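Visitor: sequence and predicted structure below; questions after.
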Amino acid sequence: MFPQDLHIHTTYSPGDSAVVAEQTIELVGSIRHAEVIGISDHFEFLVDGIFAEYEAKVRKAGFKLGVEVDGSDWVNEAVTYDSLDYFIYHCQDQVSEYRGAEKLLQTDKPVIIAHPNALATNLDRLPPDCLVEINNRYVWRTDWYRYYQPHVEDFRFVIGSDAHQPNWLGQSVARYAAAQLGIREYLLFAD
């Protein structure tokens, strides 16, 4: 069992073509692959009156409540949702995206930068209070060692699955990369 997995999508992200119908909050709950589980569906699919239902189901399952904010266009609205435990954030290499990360950090909630190597996030420009994710889905898409290695002392790192499907609820590749880099996983909600 993994200590935490905070980057998991469910059928509450209907516009994400990688999410399958079987990937429900209830199924993730029955699998229980991590000690601390957080559901972080795409924010843009939760804003039209669906958030209250989403929050109730996530809380009923005993999970942490997050959302994945797809860039700075959604930040102003996302920060108004006080009940969130954390944010997953897409931060592409644009000035507005780094400003979005700064605004999310002003909520005093953890901000996890999602698959920065796949989005070409410039870690030199990233606010140091952000958490940097290594996830199973995207770590292999670039020369992950060359990308992350210069920054292993600059940030706290979290490991995630970025699961959109039940068979994606794993972290073996991400954990391998973290071990090769000498990264010690930061646990957000450890007792």
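Guide: Perfect, thanks for sending it. Residues are numbered from 1 along each chain as shown.

Visitor: from Phe51, how far off is the residue nearest to Gln149 when sequence neighbours are not counted?
Guide: Sequence neighbours aside, Leu181 is the residue nearest to Gln149 in space, at 5.9 Å (criterion: Cβ to Cβ, 6 or more residues apart in numbering). Heads up, the C-betas are built off the backbone N, CA and C, glycines and all. Using Cβ to Cβ, to the nearest Å, Leu181 is found at 36 Å from Phe51.

Visitor: which elements pack onto the longest strand along the chain?
Guide: Longest strand of the chain, by residue count under DSSP state E: strand 34-42. Contacts defined by 3 or more Cβ pairs under 8 Å, 6 or more residues apart in numbering; DSSP states H and E place strand 34-42 against strand 2-5, helix 25-31, strand 64-69, strand 86-89.

Visitor: quick one: Lys64 from Glu97, how far?
Guide: Look at Lys64 and Glu97: by Cβ to Cβ, they are 24 Å apart.

Visitor: quick one, the longest strand of the chain and strand 64-69 angle?
Guide: Put simply, strand 34-42 runs at 40 degrees to strand 64-69, going by axes from the mean of the first three to the mean of the last three Cα atoms, to 10 degrees.

Visitor: for strand 34-42, what is the distance to the chain centroid?
Guide: 8 Å (Cα atoms, centre = their mean, to the nearest Å).

Visitor: ok, that strand: who's next to it in the sheet?
Guide: Under the criterion DSSP bridges, strand 34-42 sits next to strand 2-5 (parallel), strand 64-69 (parallel) in its sheet.

Visitor: so which bits of stretch 56-74 are buried?
Guide: Within stretch 56-74, the residues scored as buried using 16 or more other Cβ atoms under 10 Å are 57-58, 61, 63-72, 74.

Visitor: can you give me how far it is from the chain middle?
Guide: That offset, for stretch 56-74, works out to 9 Å (Cα atoms, centre = their mean).

Visitor: same question, stretch 156-172
Guide: 9 Å.

Visitor: ok, now stretch 135-147?
Guide: Chain-centre distance of stretch 135-147: 15 Å, with Cα atoms, centre = their mean.

Visitor: how close does Glu185 sit to Ile31?
Guide: Note on Glu185: its distance to Ile31, by Cβ to Cβ, is 20 Å.

Visitor: rewinding a little: Serialize the strands paired with strand 34-42 to JSON lines and add fields for distance to Leu104 and mean pLDDT.
Guide: Shown next, in JSON lines, are the strands paired with strand 34-42 (distance: least, Cβ to Cβ, whole Å; pLDDT from 0 to 100):
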{"stretch": "strand 2-5", "distance to Leu104": "19", "mean pLDDT": "97"}
{"stretch": "strand 64-69", "distance to Leu104": "7", "mean pLDDT": "98"}
